[in-house]
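Novice: Just a sequence and a predicted model for now, questions to come.
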Amino acid sequence: MDSYQFWSDGISPPVVRVERKSHNATYTTPETSTRFRIDSETPGAVIKYGVVNNGAKTIAWNTSYDLAPDLGNPDIVQSVLEGVSASTAYISGDSIPIGATAGNFFESRKDYVKAAAAYSTVNTNLHYFTGTAYGYEGAFRSVVLFSHISRDGNGVIPAIAVQGSNVLSSIPTISGFPLMDQTPYTHYMRQMYRTDNTRNAHFAWTSWEIVSDWYLRSAGYTLSGTSLNAQLGFQKGHIKCTYGNTTYISLQAFWQD
């Protein structure tokens, strides 16, 4: 039986897939890194990659900030990203770690991956087929920090649930956005990490899933085991945040109706 292969014109650009995840536990420290994989639809293509960081911020816990704007990492310039050397060999199926070093729980960052897929051969019919195609992807670690938290200027908040949307006061319009705004359903919320058990505690939330500007809401809760239980109060208004950056809020109050 004859065997045939059909090739499209050129090389299929490699696709970089980042594992996008968000923190969701009050007493478990956030993971500092994530992973990525690379695929190409061109059979036999040799894949190589390069990674570049375009900004990382770590903010110390203190009270020197008011209701803080983003402490930001810049977006990469296209010419810089295209100039990244994709020279590290990729083994098919590998998951490559990317992100902060272990222990940097509260570091926001913007990392970028450039992948190259190359193919060169002469088949039995003397048809010459060669080329290189490139693919790009960003891995963004967004961080929200609440320092010295209390309720109505008084009392204790055991847990904080993050809510929000990429659209102000509305449901998200981006597929895979990890939160929903002003929802009673806890599966649309994410728990912040509580750094200590003191009355004026610090809380932190990290996410690799946010790829746009977004609007933060949050609420205080009691815990039943490790699950959110009864709401204790809510944050008034929204705080605008941006992806891959740190939003630092000091002395955020949670109010009851």
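Specialist: Thanks, I have the structure now.

Novice: Could you list the buried residues of stretch 233-251?
Specialist: 233-235, 238-239, 241-250 (16 or more other C-beta atoms under 10 Å). From N, CA and C alone the C-beta is placed, and that goes for glycine too.

Novice: how far is it from where the chain is centred?
Specialist: Centroid separation for stretch 233-251 versus its chain: 16 Å, with C-alpha atoms, centre = their mean, to the nearest Å.

Novice: quick one: which of the buried residues of stretch 233-251 is nearest Ser120?
Specialist: Gly244 (36.6 Å; C-beta to C-beta).

Novice: Quick check: pLDDT value at the closest residue to Trp214 other than its chain neighbours.
Specialist: Nearest non-adjacent residue to Trp214, counting by C-beta to C-beta, 6 or more residues apart in numbering: Asn166, 4.8 Å away. Looking at Asn166, its pLDDT stands at 95.

Novice: now Pro43
Specialist: Value for Pro43, per-residue pLDDT: 82.

Novice: Point me to the residue sitting closest to the centre of this protein.
Specialist: Trp208 (1.3 Å; C-alpha atoms, centre = their mean).

Novice: one step back: count the residues that sit near the residue nearest to Trp214.
Specialist: If you count neighbours by other C-beta atoms under 10 Å, Asn166 ends up with 19.

Novice: Contacts only, for it.
Specialist: 172-174, 177, 212-215 (C-beta atoms under 8 Å, 6 or more residues apart in numbering).

Novice: Where do the helices of the stretch 51-200 of the chain begin and end?
Specialist: Counting by DSSP state H, counting those that start in this stretch, one finds helices in the stretch 51-200 of the chain at the ranges 78-82.

Novice: No further queries at this time; thank you.
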